[in-house]
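Peer 1: fold the following, please.
(one chain, ligands or ions: 1)
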Amino acid sequence: MYDIIIVGAGPAGLTAAIYACRAAKSVLVLEAAAYGGQIINTPDIENYPVAPHISGFAFATKLYEQAKALGAEIRFEKVTDVLDGAEKQVVTSKEVYPCRAVILATGSVPRKLGVKGETELVGKGISYCATCDGAFFRGRTVAVVGGGNTALEDALYLSDLAEKVYLIHRRDAFRADGGSVEKIRARGNIELVLNSTVTALSADSRLQGVTVTDRAGESRTLAVNGLFVAVGRIPANRAFEKLVALDDAGYAVAGEDCRTGVPGVFVAGDNRTKDVRQLVTAAADGAVAATAAVKYLEA
Ligand code: NAP
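Peer 2: Now for the predicted structure:
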């Protein structure tokens, strides 16, 4: 029986593991995919205190090694359910693990555009990760869709590789930080396609073009080899929908203390209701949730 099981090995989950291990609790971290969560897709982190210009992968690897060195056990198994009771049961595709407290730190998954043909063209021109797939488009023409930090950072990253980048956004104001917007405007090979949405995809065996429609209803087709979708993320809380309260957008409801309405169940990071979803707030949530879990165990 573990003291604390942490679901998710992103910045929130691994930081929670560090705090729980340092409080001498037995800790199992369960992760469905790779450690690091979405930060591994960020080429260059500029806004984490005292660590300017570190790649997301390097950051995640250091965090993973730090949690392991402190004694966290980390297994790569997908959690499918968490059952409440005198002891909690964390169900994976392989086993059922009993524990006394659970921290849900599963983050989020990319939101799809919802355009016809999108799913079929994933890996054939459509991607949700510029740093993973950008190199396939060296010297080609690509489009990025979205107006947040991810979309603008993706467009900047791709503009170093691709010949031309269209940045398609449904409004004329960006949600992203002003600094990124200035950099985008200064790049010679990024063309802004504003007040426009992607309304159709054209393809043979691979993506050939995206049709964009502006607010006046005018459509045109941009010839592109790749489309990088960066229109936000959806909280990965499906396995917990019977366990904890979720808000209308699917975030697990908890305040800054990371406590859900269920005793012994805590939520940390991007899958929690909160205003600021950043690397630093994910790490902070991990510390808060682990500290609350330790208090719960020692009460
Ligand atoms: P986001 O900030 O939620 O932005 C999503 C963008 O996609 C918005 O511009 C939105 O348009 C657009 N959008 C949403 N649904 C759409 C649809 N169906 N069709 C077309 N456009 C659509 O998401 P994000 O960029 O992934 O960032 C998520 C969080 O991570 C944010 O808090 C962000 O600041 C943070 N982040 C931080 C960094 C960094 O600090 N270095 C890097 C990446 C991400 P509207 O603007 O019109 O709503």
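
Peer 1: ok, now which ones touch the residue of the stretch 1-150 of the chain found nearest the ligand?
Peer 2: Closest to the ligand within the stretch 1-150 of the chain is Gly148: 2.4 Å, counting by Cβ to the nearest ligand atom. Where you see a C-beta, it was placed from the backbone N, CA and C, and this is true even at glycine. Going by Cβ atoms under 8 Å, 6 or more residues apart in numbering, Gly148 touches Phe174, Arg175, Ala176, Ala230, Val231, Gly232.

Peer 1: in a markdown table, list those along with pLDDT, neighbour count and secondary structure.
Peer 2: Compiled in a markdown table, the contacts of Gly148 are given as follows (pLDDT from 0 to 100; neighbours: other Cβ atoms under 10 Å; DSSP: H, G, I helix; E, B strand; the rest coil):
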| residue | pLDDT | neighbour count | secondary structure |
| --- | --- | --- | --- |
| Phe174 | 97 | 20 | coil |
| Arg175 | 96 | 15 | coil |
| Ala176 | 95 | 21 | coil |
| Ala230 | 97 | 26 | coil |
| Val231 | 97 | 22 | coil |
| Gly232 | 92 | 14 | coil |
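
Peer 1: for the chain, where's the lowest mean pLDDT among helices and strands?
Peer 2: helix 130-133 (a mean of 85; mean pLDDT, DSSP states H and E).

Peer 1: helix or strand right after that one?
Peer 2: strand 141-145 (DSSP states H and E).

Peer 1: so Ala287 sits in a helix?
Peer 2: Yes. Ala287 sits within a helix when classified using DSSP: H, G, I helix; E, B strand; the rest coil.

Peer 1: nearest residue to it in space, ignoring adjacent ones along the chain?
Peer 2: For Ala287, ignoring the flanking residues on the chain, the nearest one in space by Cβ to Cβ, 6 or more residues apart in numbering is Tyr19 at 5.1 Å.

Peer 1: what residues sit buried inside the helix or strand where that neighbour lies?
Peer 2: Tyr19 belongs to helix 11-22 when assigned by DSSP H and E. Buried residues in helix 11-22, counted by 16 or more other Cβ atoms under 10 Å: Pro11, Ala12, Gly13, Leu14, Thr15, Ala16, Ala17, Ile18, Tyr19, Ala20, Cys21.

Peer 1: which among those gets closest to Lys274?
Peer 2: Lys274 lies nearest to Ala12 out of these, by Cβ to Cβ, at 10.9 Å.

Peer 1: show the contacting residues for the nearest residue to that closest one once chain neighbours are set aside.
Peer 2: Among residues not flanking Ala12 along the chain, Gly269 sits closest, at 2.8 Å (Cβ to Cβ, 6+ apart). Gly269 sits next to Gly8, Gly10, Pro11, Ala12, Gly13, Gly37, Ala105, Thr106, Gly107, Ala282, Asp285, Gly286 when contact means Cβ under 8 Å, 6+ apart.
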